[in-house]
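Peer 1: sequence-free structure coming up:
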């Protein structure tokens, strides 16, 4: 028995020490030195206060801001123990809607959002919930639909808002991979800086 | 589908194949215990581990000794992980103050990571401390992957040598694969991930004041290193609840492409390793080409279904240009989502960069079917190769029946004992999946876990047991999986999928190793030809897939036609 037990236990302990403690701790130290911003979550500060992360979307409801995608994240309901309630862009509990293609309630939500964002056809990303619930981006077509509203709310000419959208549009990686997209938080920060 | 989309798919697959060749040869050298460029640094570590464990790496084990060592190691790993998860509340590196996991959940999670499944009934950022993620889950990402590769090496040795009783030393294979293959790759990839935007910190979650004045708590952690091995070891258990879809785990299309590369390179490389070990490179390429063919076909099917969009939503006034976007983020695009989905389910990885639950019915059926085919396309690290070799034995047996010759593979006669054991292994998957899913579909305690009604509900349940028994770990996310019934039965399904499959495989290895190598004659059926590749693909589809067709007809196929008839639930 000892011929099995000793190597089994020793191997678990030794490999835990190497792959579970020594390496991740060393990686953390080096990563924090070499890539301090990325390693800590790509946080953005304004006036010395953390206002978010460039990689994590935020909930925007006001007319003056571009709106991100619908988000299905939730939080614990403080008034109803054991239940959750809607809390869009909860970056401490990522989640998707998990509604299937023939879900009645999903179809109703999509119809409602098409109505609100119309006229049809509406870009798909504007009326569907993102998979992470934290999508920091919208499609360029979605942004284009919102330019007039934001420009009117801010009393800015549409061209200036349009230019801000263009400046915050990210292209495909290596010119090939992924999709072009607009970073909503960066765009809204740029608009706030315009005044 | 667009040309640009296919160019993305082609680029990533080309990078996988280019890297698979040198990686495969390197693994063959490590398996043989040869010196590599890493030995000056890691050699002393390797020897220290042997000394502590009282292991002689040169002492071979027969199939029973090898299998027992593997089982003992897995049992010890389960015990330590279960204990860590239960006790995380009183252990250090727990800045969010999470409690210990309750017993059912800890059992399910520990089984899940020890079997290389990485099914997650918990959500990382709300239930697992940094210590659990690092010293628990990350460790098992390494060692369950190394265990799979070790088993594949043992089976390969059975084909390579004539008339031997020993298959190598499990402890040596485990240590060498971890130190010389998985660890260096994870370090390099981990730093690349950090550079691309993945956090690697022990700091607590950050509280941000948003532009509109709300408070947003942003979950962080030592993500990059764990995610590197999660893909390289085809484990797939995300640091965060939504896995590679979380912007910190998949910051952009480059990150997601690198992740696809990671969970494909070793499974494909092991075909090259096999060719090198048995001294027949073309045989390795035949296995690889069958795997690759299925990956490309599955990617095309998912891509077509998802890029076309959901007809019910299009009719409601949604623009068709982006395809079906529910459950997907903008940055990856449909092409990389399709490739990621096909590779993560074909490879027993189980990470996701889109939510399968919200796929169109046909788009969601492909990942389900890929797992049901036996996780051999290209399969998990190691488990893909040994699973594929089981199908090879059945294919030469079928060919032998058709032409009336004694079936043989690489000079080893395939006889009644091997074929019986192979069928025993192949039947584990359908028996476990269909058995548990059928019981759950009539059990109120299980049905209350479903998020969706109609045929989609059946698909969710079927997918859960498929993913568990196939040791994949991806989810049709709607299922509320953390209930006593699901935690327990999914845990049993994972154990059966790993160990009830592997023990017959090791018995086959022992039986084949003992046989002499018959020289190739005029009567030998050649197994390194396109003809054999076609036969092998057919055997996988018929033996692996056919028994699942009725359940697919009731789930995703029924939902597809119901959707075309504009019916919702």
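Peer 2: Received the coordinates, thanks. Quantities reported herein were computed from a predicted structural model and do not represent experimental measurements. Numbers count the residues shown, from 1 in each chain, chains lettered A, B, ... in the order given.

Peer 1: quick one, helices of chain A?
Peer 2: Taking DSSP state H as the criterion, chain A contains helices spanning A:2-15, A:23-34, A:36-39, A:104-117, A:124-127, A:140-154, A:158-167, A:184-194.

Peer 1: what's the answer for the stretch 151-300 of chain B, then?
Peer 2: Under the criterion DSSP state H, counting those that start in this stretch, the stretch 151-300 of chain B carries helices at the ranges B:170-176, B:183-195, B:223-232, B:253-277, B:281-308.

Peer 1: got the phi/psi numbers for whichever residue of chain A sits closest to chain B?
Peer 2: Nearest to chain B, among the residues of chain A, is residue A:178, at 2.6 Å (C-beta to the nearest C-beta). Glycine gets a C-beta too; all of them are placed from N, C-alpha and C. Per-residue torsions, residue A:178: phi 80, psi -160 (degrees, to the nearest 10).

Peer 1: what's the pLDDT at the nearest residue to it once chain neighbours are set aside?
Peer 2: Once flanking residues are discounted, residue A:178 sits nearest to residue B:253: 2.6 Å by C-beta to C-beta, 6 or more residues apart in numbering or on different chains. What the model reports for residue B:253 is a pLDDT of 97.

Peer 1: quick one: residue B:253 and residue A:179 touch, right?
Peer 2: Yes - between residue B:253 and residue A:179 there is a contact under C-beta atoms under 8 Å: 7.4 Å.

Peer 1: still on that earlier bit, in a markdown table: the helices of the stretch 151-300 of chain B, plus mean neighbour count.
Peer 2: Output for those, formatted as a markdown table (neighbours: other C-beta atoms under 10 Å in any protein chain shown):
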| stretch | mean neighbour count |
| --- | --- |
| helix B:170-176 | 26 |
| helix B:183-195 | 21 |
| helix B:223-232 | 30 |
| helix B:253-277 | 26 |
| helix B:281-308 | 21 |
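
Peer 1: show me where the stretch 401-550 of chain B has helices.
Peer 2: B:416-440, B:444-447, B:455-469, B:484-495, B:501-513, B:530-539, B:549-552.

Peer 1: can you pull the buried residues of the last one?
Peer 2: Judged by neighbour count (16 or more other C-beta atoms under 10 Å in any protein chain shown), helix B:549-552 contains these buried residues: B:551, B:552.

Peer 1: show me the contact partners of that helix.
Peer 2: Contact with helix B:549-552 is made by B:365, B:368, B:369, B:434, B:437, B:458, B:462, as judged by C-beta atoms under 8 Å, 6 or more residues apart in numbering or on different chains.

Peer 1: one more time with 10 Å
Peer 2: B:365, B:368-369, B:372, B:430, B:433-434, B:437-438, B:441, B:458-459, B:461-462, B:466, B:545, B:557-558 (C-beta atoms under 10 Å, 6 or more residues apart in numbering or on different chains).

Peer 1: circling back to that earlier point, columns distance to residue A:183 on top of the helices of the stretch 151-300 of chain B, output as TSV?
Peer 2: Shown next, in TSV, are the helices of the stretch 151-300 of chain B (distance: least, C-beta to C-beta, whole Å):
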stretch	distance to residue A:183
helix B:170-176	44
helix B:183-195	19
helix B:223-232	20
helix B:253-277	14
helix B:281-308	24
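
Peer 1: what number of residues lie near residue B:99?
Peer 2: Counted with other C-beta atoms under 10 Å in any protein chain shown, residues neighbouring residue B:99 total 12.

Peer 1: residue contacts, it?
Peer 2: Listed by C-beta under 10 Å, 6+ apart, the contact partners of residue B:99 are B:86, B:88, B:89, B:90, B:127, B:129.

Peer 1: kindly report the same for residue B:123.
Peer 2: Applying C-beta under 10 Å, 6+ apart to residue B:123 gives the contacts A:93, A:94, A:95, B:219, B:238, B:240, B:241, B:242, B:243, B:482.

Peer 1: from what I see, the fifth one and residue B:124 are in contact.
Peer 2: Yes - contact between residue B:238 and residue B:124 holds when scored by C-beta atoms under 10 Å: they sit 6.0 Å apart.

Peer 1: what is in contact with the two at once?
Peer 2: In contact with both residue B:238 and residue B:124: A:94, B:137, B:223, B:226, B:246, B:249, using C-beta under 10 Å, 6+ apart.

Peer 1: just the closest residue of chain B to chain A, please.
Peer 2: Scanning chain B for the residue nearest chain A gives residue B:253, at 2.6 Å (criterion: C-beta to the nearest C-beta).

Peer 1: now that residue: how far from residue B:218?
Peer 2: Counting by C-beta to C-beta, to the nearest Å, the gap between residue B:253 and residue B:218 amounts to 22 Å.

Peer 1: what do you get for residue B:413?
Peer 2: From residue B:413 to residue B:218 the distance is 61 Å (C-beta to C-beta).

Peer 1: quick one, which of these two is more surrounded?
Peer 2: Set side by side, residue B:413 and residue B:218 show more neighbours around residue B:218, with 23 against 16, by other C-beta under 10 Å.

Peer 1: need the pLDDT of the more buried one.
Peer 2: 97.

Peer 1: tell me the contacts of it?
Peer 2: Contact analysis of residue B:218 by C-beta under 10 Å, 6+ apart lists A:41-43, A:50, A:52-53, A:55-56, A:90-92, A:134, B:125, B:199, B:205-208, B:248.

Peer 1: make it 7 Å
Peer 2: The contact partners of residue B:218, taken as C-beta atoms under 7 Å, 6 or more residues apart in numbering or on different chains, are A:41, A:53, A:56, A:91, B:205, B:206, B:208.

Peer 1: same deal with residue B:563?
Peer 2: Going by C-beta under 7 Å, 6+ apart, residue B:563 touches A:101, A:102, B:311, B:312, B:361.

Peer 1: about what we covered before: find residues that contact each of residue B:253 and residue A:179.
Peer 2: Residues touching both residue B:253 and residue A:179 (C-beta under 7 Å, 6+ apart): A:172, B:331, B:333.

Peer 1: for the last one, give its distance to residue B:370.
Peer 2: If you measure residue B:333 against residue B:370 using C-beta to C-beta, the figure is 21 Å.

Peer 1: for residue B:41, find the nearest of the helices of the stretch 151-300 of chain B.
Peer 2: helix B:183-195 (9.3 Å; C-beta to C-beta).

Peer 1: wait, does that closest one contact chain A?
Peer 2: Yes - Helix B:183-195 comes into contact with chain A (C-beta under 7 Å from any C-beta of the partner chain), by way of B:183, B:187, B:190, B:191, B:194, B:195.

Peer 1: and stretch B:35-51, by the same measure?
Peer 2: Yes - for stretch B:35-51, a contact with chain A is found by C-beta under 7 Å from any C-beta, at residue B:49.

Peer 1: higher neighbour count, residue B:238 and residue B:124?
Peer 2: More crowded of residue B:238 and residue B:124, by other C-beta under 10 Å: residue B:238, with 28 against 24.

Peer 1: skipping adjacent residues, who's closest to residue B:500 in space?
Peer 2: Per C-beta to C-beta, 6+ apart, closest to residue B:500 is residue B:428, 4.8 Å.

Peer 1: so that neighbour sits against residue B:501, correct?
Peer 2: Yes - applying C-beta atoms under 7 Å, one finds residue B:428 in contact with residue B:501, separated by 5.1 Å.

Peer 1: more neighbours, these two?
Peer 2: Neighbour totals were compared for residue B:428 and residue B:501, and residue B:501 leads with 25 against 20 (other C-beta under 10 Å).
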